[in-house]
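1. Just to be clear, the model below is a prediction. Sequence and coordinates:
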Amino acid sequence: MRPLRKGAVLIGVLVASAACGGASSPSPSAVTSPPADGATPTPPPANQAKAGGTLVVALPGDITRTDPALIDDSNSSYVMQQVMEGLVALAPGSTSEVVPALAESWTLSPDGKTYTFKIRQGVKFHDGTPLDADAVVYNYLRWKSFPTELQDYSYYAGAVFGGYGESSNVASVVAVDPATVAITLKSPSSSFLLAQTLTVFAISSPTALKAGKADNTELDISKVEYAQGGPTAMVGTGPFKFKSWVVGDNVTIEKNPDYWNKDATAYLDAIVFKPVAEEAQRLNGLATGEIDFAQTIAPVDIATIRANSELAVIDRGESCNTMQISINQNYVPVNNLKIREAIASAVNRDYLIETFYAGLAVPADNWMPVNTLYAKPLNLPTYDPERAKQLIAESGETDLTIDFYYPSDVTRPYMPDPKGIFEAITSDLEAVGLTIVPKTETWRPDYLDDEYAGKFEMWLLGWTCDWSGPDNFLKTAFFGYVDGAPSTEFAYRNDELEKTMNDALAATDEATAKALWEKAQDLIRADMPTVPLINSTPPAAARADVMGFVGSGGLNEYFHSVWLDR
Amino acid sequence: MSLLDVRDLIVRFRTADGTIHAVNGVSFELEAGETLGLVGESGCGKSVTNLALMRLLPKPAGRIEGGQVIFDGLDLLTLSEAEMRDLRGKEIAMIFQDPMTSLNPVLTIEEQLVETIRAHRRVSKADARRRAIALLEMVGIPTPEIRLRSFPHQFSGGMRQRVMIAMALALEPKLLVADEPTTALDVTIQAQVLDLLGRLTTEGGTALILITHDLGVVAGMTQRINVMYAGYIVETAPTPELFGHPSHPYTVGLLHSIPKVTQRDDEELIPIEGRPPDMRQAPVGCPFASRCTWRLEVCWTDNPSLRPVQAGARLVTTGPEATHQIACHNPPTAEEATAGRPVRPGFRPAPAPAGRMDELVLLAEGPA
Amino acid sequence: MLKYIVRRLLATIPVLLGLSIVLFAFVHLLPGDPCTAILGQRQTPAACARLRENLGLNDPLYVQYLDYIGGLLRGDFGASVINSKPFFDEFSVRFPGTVELTVAALIFAVGVGIPLGRLAARHAQGWIDGLVTAISLFGISIPVFVLGLVLVLIFGVTLGWLPTQGRIEARAGFEPTTNFLLLDTALAGRWDLFVDVLRHLILPAIALGSIPLAIIARITRASVIEVSNEDYVRTARAKGLTERRVDDRHIMRNAWLPVTTVVGLQVGGLLGGAVLTETVFGWNGVGRWVVDAIGNRDLTIVQSTILVFALIFLIVNLIVDVGYAFLNPRIRYS
Amino acid sequence: MSLETPGVTAVAAAPRRAEERVSRGLWSDAFSRLLRNRPALVGLICITAFIGVAILAPVIAPYGPYEQRTGGRLEAPSAAHLFGTDLLGRDMFSRVLYGAQISLQVGVIAVLMALVMGGLIGALAGGLGGWVDSVLMRVTDVLLAIPGILLAIGIIAWLDRGMLQLMLAIAVTYVPIFARLLRGSILALRESDYVIAAGAVGASRLRLLVRHMLPNALTPLIVQATLILATAIIDIAGLGFLGLGPPDPRTPEWGTMLVDARRFLQTAPHIVFFVGGAIVVSAIGFNLLGDGLRESLDPRLKR
């Protein structure tokens, strides 16, 4: 899931754009491995791969809709990225490397405003409609001109395009010729191209869109058949095609034998995605063989899985997330830096990692993972309860009561057991003399809404990257201003930081950008506005005979390479 | 050989509260076509005796722990359940006290009659139905063809008991046991039903055991009477003899506790004091001792057995000439029987030994 | 009889009315501002205006109520606050799962509970009776979710005999039409899958059915014992009927009556228990949906689900009562 | 002309014995009967243990309910940790003991609330009759029509999570049961001779209700309340299992603990076993006791 919240603004210039993405390309080394081997073996050569079979994949939840443009959750996106393709994509296993997809190539005009995409020829949508420039234009114009009634559901289009219709930053989308599309922006945005790798910008068959009332004429989303799993929903160009969606039970996709990329034709006949909310059920299902692949498992279950020779744990490689104790500086006593420093010293991160992450995490020494571009060690406080007590004494605060929130009904990739983690942290904080009032709300809508609205004093939250760059963490996820003012979420005012980050995004040479981002990190470190805790790599698990899977810390994973050794 | 010969029948009930000594060695005989009354207070074992001979005691509590029941030459207590089942309804039939509850409320009269017939005779449903109609006609139910389809609750109490009689006589049994057949009925109906019962058993030559607490009923209906108390037969005699010469204190008490139309001044109404003994204890002495104004010391310790009133009389066990027998150490004289109390000068009931309840003393000391 | 049914139907009307008032209040009289309460921070002025319009929050309360009733009568049970989907769109997909589960549980409860009760009654006070009493005591004392977890651990994970979750083998890729999977697989002639669906039903049905089973076994035992002591049973025996006939025709025909009523009342407990069972077994039914809906504060879904469940309960008990009347000639002919 | 009622003729003899009976009192009589009822005795022992454990938890429990890292993670039962430990190293034995406290507290208060609310409705309906009766009974019909746990879920959804809300939600589901029970008893008592007699000598309606009917209607209420406590314990755990339990996540509530335990069903099945076992044992206790009370208090069942 890419939990972009309302108001989290994506627009901004990403220096570390795709063109020079080599800097921090995470190694796509995660594959299934029988536990006996210990080390991660290389994927077996393709000629060993067997075609056929049906894979049952357990997801943490059901998809919400079948129209890629009208989703904002990771479950829907995870399924759709098997079926739908955009103009560009992230390379398998990478969180920042942009590769061609439906566009064979692209160019950016010198003024940074016009992208010209060369559309791949001979590609057909699953319904037989040929892909051409007109089809691409149709999709883009649909997103740009979503009616108000649908805008609630098309969050990403609005955020990336900077609004709708006339107010959109997208000036025009034109079919130059049947194989060329030109997208012109009103002002340059170097994050635009990376954003196009998001599943929400996948290209649907115009025929299917029209047939499914997804042509912006039907304003009631419940009647947009294309979004509600109608027979012609989710019609894209990918290696799999949509077969059926039984609400709450499964989404089934099947092999697209006519996939345009003959090198990436799927081995599997079909994949069944099942929503399995309970981690215990995922584990049981894996053990009994009812489930072949669990997209996310509780790290604490790793030992059990390793002990079962029929199962294998899948390590996703490098972390692309941060879990933190979020703090809103409108509240006393957490507006006091000494208290925040004390909190940072009070929490035993190693214990959390050992207990809840089964070691698949590292203590965070920054607000972004160490492998992120420009990230540098910040020497954040480590576990030292004595120091914490001393800081609290020095702080001069008398009322040490803090309302502390956790989400009651979810697990997140960065937070596998919110309640348990909360209990452990609470115990640590109470040990140094703070008084914690435990509070909880359900994830959607209450928790996300209320924390964003500034109703929480202190709460658990984290961020899984959209792509691996400092802007995505420091600015988008955390401390960027909203509409020119500190976010209601953290109420953290630091005008110098805001200016530094904006300058960094606007910088044209890498050296300047690096210097500015490092300065930004120092500024944040000095204020300690929140307390970063952990960078984790959420594990997956599979039956041992599931082969060829390539994991990614950002969950952009593709199943065409997966095959069953049975 | 008599039709029915019950010998030393012992019935006990095992319950959570202990063993109930319901029937403690009862013996009697019955000839074919004879009519016997079985009289006593509720709980005296009269119904249990008859359920025992039908082997219909409630399971698993009720058990026959001794004795024999010879019916028509067969020892009923040794028959298999299937053999016993063949006898029930066919050779021995029963009518119960409450016609309201003795008919199955969810089955039609037809179903209940027909199943009785077809349980014992291989006849077609149509034949059984014709027989059922005839039976209903016999017991005086108007438009039987229509009434057959009715459910019990659509009948009046009297009509229901007529149905019960029809059902009992459906297979012309040799013996009919009628357990308080009229108790639940209106007084006005009682006579009709009794009359019907008497007429049909006489006509069919069916022997009848009439169980009742109502001496008035047995007086007109039976040839012979057994008086039961606390699981014992305490007096047995042909009906006129019993009424004419009641010889057991309990029988005397019974007769005196009923107001008679022909009440004479010297025949005062004397209630029987106290209440029946606790059947959970094995009886020691005469079970009636605690309530008996004629009791002697020996009554507290020795339970007298049934003996002819006239010592040395030839023992006849059935028929109108049956020997008058009682179980008593100190039978009332004829004079006392008429008076209803001991009239011998200076006679005092023997005081109760320690630990025994004395209902008479209680009365004497009770609040006047 | 007809009069009885009509009277029984009329008696349901005030209950329906009361139910509608309670459920109306559930959404329309939420503490606080409805926009905030229902939409939370997602509220945009547009979304809020739409909600107000959808719920008619700008009208006087009685108009809102009449609109609500009018909607119900037209079959409009509202739409999800979260995704605007009409209630029945998703309900119709999920409901068959709950029906299959509850019916299977009921069949289990009745199919095992009644024989157990009869067995216990026949051997009243004996060790079999004691065993049955112990089983039923255990049955009413063990929560469905505990029993469910234990069953999953033993028969699913450890022994591997039965599936632990879902309604059908996902790999089969079966496309249901009605979502009554037993029906669908049978109609499609996929008997292998029919068996698979049955296998999926076993553990959840046992977990869900355990409480009703215990209650039914108890009431059957009590009822059979009570009827066995009735005079007419003695009459039947005195007529020389076989034990079997006495049992089937005289005892059971009467003992059924209280049992049917109790079975009808179990439907409410089963629908409630389905919420927990579906959570334990990952069962795609209304129960799990309503739990999710509460997490999402999707109150219209909760409201309409409660309404439908209550309606089912009322209808089932109406049928049971009519059936009772039919079985019981004292009512049938009065 | 009946001999069938020797008791009538023996009236004069009866009083002394009757007096003996009465003097022992309904309750001591019932209690002695209860002690003779073996299953009920087992129930009584279970409940005494349950209540004792709940009250004495701070004394018995080797650790505090919130105390973490008392041992390793998910340890199997041992002498140091009788029920093993959970993920945070908390002593499960202590948590199960404190859990009894929560269940007892929530259960008893909820049942009392239900008793008061239901009793009030039942008394008003039965005592006043007429349209009050009709309206109140329709209200209970409505509540009965909604499956109990859904009703509780709905109430919590409406009022938000919290201890008080939890108790209220549980309570409301039992209101109709108590209301109907009390109303039924009162209707029956209203026809009884002594109430009619008291009415005839001019006792007011309220006095009749409070002095004459309520005390006599109490017995079935007490029996029912005991049985419902068993259900309440299960329902509380059920709500906890659905994540609607006490808002403080650390609360050692059995249902909430089961949610955690469930995650370790394969790794540490003993946690499910002990927590589930605690629920089952206390529910069995109240059920046995309730049945026993019914048998010993209900004069019709006297044997």
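-> The structure has been received and is ready for your questions.
2. what about residue 98, neighbour count?
-> I went with chain A, as the question did not name one. When counting by other CB atoms under 10 Å in any protein chain shown, one arrives at 21 neighbours for residue A:98. (Each C-beta comes from the backbone N, C-alpha and C, glycine too.)
3. oops, I was thinking of chain C
-> Residue C:98 has 28 neighbouring residues, counting by other CB under 10 Å.
4. can I assume it is in contact with residue C:287?
-> Yes: look at residue C:98 against residue C:287 with CB atoms under 8 Å: they come within range, at 6.0 Å.
5. Between these two, which contacts overlap?
-> Each of C:271, C:274, C:278 lies in contact with both residue C:98 and residue C:287 under the rule CB atoms under 8 Å, 6 or more residues apart in numbering or on different chains.
6. In helices, which of those fall?
-> Mapping those onto helices (DSSP state H) picks out C:271, C:274, C:278.
7. closest to residue D:133 among those residues?
-> Closest approach between these and residue D:133, by CB to CB: residue C:271, at 28.4 Å.
8. Quick one: low-confidence residue ranges for the stretch 151-300 of chain B.
-> Scanning the stretch 151-300 of chain B with the threshold set as pLDDT under 70 gives B:259-269.
9. Show me what from it comes close to chain C.
-> Listed as neighbours of chain C in the stretch 151-300 of chain B under the rule CB under 8 Å from any CB of the partner chain: B:151, B:153, B:154, B:164, B:167.
10. which parts of the stretch 151-300 of chain D sit against chain A?
-> By CB under 8 Å from any CB, the residues of the stretch 151-300 of chain D that approach chain A are D:161, D:243, D:247-250, D:260, D:262-267.
11. ok, and of the residues you listed, which contact chain C?
-> Near chain C, by the rule CB under 8 Å from any CB, you find D:243, D:262, D:265, D:266 out of those.
12. List the ones among the residues you listed that fall in helices.
-> Per DSSP H, those map to helices at residue D:262.
13. can you pull the contacts of the closest residue to residue B:324 other than its chain neighbours?
-> In space, residue B:324 comes closest to residue B:237 once its chain neighbours are excluded; the distance is 4.0 Å by CB to CB, 6 or more residues apart in numbering or on different chains. Residues in contact with residue B:237, defined by CB under 8 Å, 6+ apart, are B:224, B:225, B:245, B:247, B:309, B:322, B:324, B:325.
14. Return the residues in contact with the third one.
-> Residue B:245 makes contacts with B:237, B:309, B:324, B:334, B:337, as judged by CB under 8 Å, 6+ apart.
15. circling back to that earlier point, could the ones next to chain C among the residues of the stretch 151-300 of chain D next to chain A go into a markdown table alongside pLDDT?
-> As requested, those are exported to a markdown table (pLDDT from 0 to 100):
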| residue | pLDDT |
| --- | --- |
| D:243 | 85 |
| D:262 | 86 |
| D:265 | 85 |
| D:266 | 84 |
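16. any low-confidence regions in the stretch 201-334 of chain C?
-> Along the stretch 201-334 of chain C, the parts satisfying pLDDT under 70 run over C:333-334.
17. if I look at the residue in it positioned nearest to chain D, how far off is residue C:93?
-> Relative to chain D, the nearest point of the stretch 201-334 of chain C is residue C:272 (3.2 Å; CB to the nearest CB). When distance is defined by CB to CB, to the nearest Å, residue C:272 is 21 Å away from residue C:93.
18. neighbour count winner among those two?
-> Taking other CB under 10 Å, residue C:272 and residue C:93 do not tie; residue C:272 has more neighbours (26 against 21).
19. Tell me who's in contact with the residue nearest in space to the middle of chain C.
-> Geometric centre of chain C, nearest residue: residue C:271, 3.2 Å, by CA atoms, centre = their mean. By CB under 8 Å, 6+ apart, the contact list for residue C:271 reads C:98, C:102, C:287, C:309, C:312, C:313, D:147, D:150.
20. Next, the buried residues of stretch B:159-175.
-> Across stretch B:159-175, burial judged by 16 or more other CB atoms under 10 Å in any protein chain shown covers B:159-171, B:173-175.
21. can you list the residues of the stretch 1-150 of chain B near chain D?
-> B:15, B:16, B:17, B:41, B:42.
22. Put together TSV for the residues of the stretch 151-300 of chain B next to chain C, with distance to residue B:46 and secondary structure on each row.
-> Compiled in TSV, those are given as follows (distance: CB to CB, whole Å; DSSP: H, G, I helix; E, B strand; the rest coil):
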residue	distance to residue B:46	secondary structure
B:151	31	coil
B:153	29	helix
B:154	32	helix
B:164	19	helix
B:167	22	helix
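23. For the stretch 251-368 of chain B, which segments count as helices?
-> B:334-339, B:359-365 (DSSP state H, counting those that start in this stretch).
24. Which single residue in the stretch 1-150 of chain D comes nearest to chain A?
-> For the stretch 1-150 of chain D, CB to the nearest CB, closest residue to chain A: residue D:68, 4.9 Å.
25. and that residue, that one's in a helix?
-> No: counting by DSSP: H, G, I helix; E, B strand; the rest coil, residue D:68 is located in no helix; its state is coil.
26. which residues does the residue lying closest to it once chain neighbours are set aside contact?
-> The shortest distance from residue D:68 to any non-neighbouring residue, by CB to CB, 6+ apart, is to residue D:88 (4.5 Å). When contacts are counted by CB under 8 Å, 6+ apart, residue D:88 touches A:355, A:420, A:423, A:424, A:427, D:68, D:69, D:73.
27. and these, which are buried?
-> In those, burial by neighbour count holds for A:355, A:420, A:423, A:424, A:427, D:68, D:73, counting by 16+ other CB under 10 Å.
28. Look at residue 292 and say how many residues are nearby.
-> Chain wasn't specified; assuming chain A. 26.
29. nope, chain D please
-> By other CB under 10 Å, the residues close to residue D:292 number 25.
30. Please name the residues that touch it.
-> By CB under 8 Å, 6+ apart, the neighbours of residue D:292 are D:34, D:37, D:39, D:40, D:41, D:43, D:44.
31. from memory the fifth one sits against residue D:33, does it?
-> No: contact between residue D:41 and residue D:33 fails when scored by CB under 8 Å: they sit 11.0 Å apart.
32. Between those two, tell me which one has more neighbours.
-> Using other CB under 10 Å as the criterion, residue D:41 and residue D:33 rank with residue D:33 on top: 18 against 15.
33. Can you report phi and psi for the more buried one?
-> Main-chain dihedrals, residue D:33, degrees, to the nearest 10: phi -70, psi -40.
34. so what's the closest residue to chain C within chain D up against?
-> Chain D approaches chain C most closely through residue D:147 (3.2 Å), counting by CB to the nearest CB. Residues counted as contacts of residue D:147 (CB under 8 Å, 6+ apart) are C:268, C:269, C:271, C:272, C:275, C:309, C:310, C:313.
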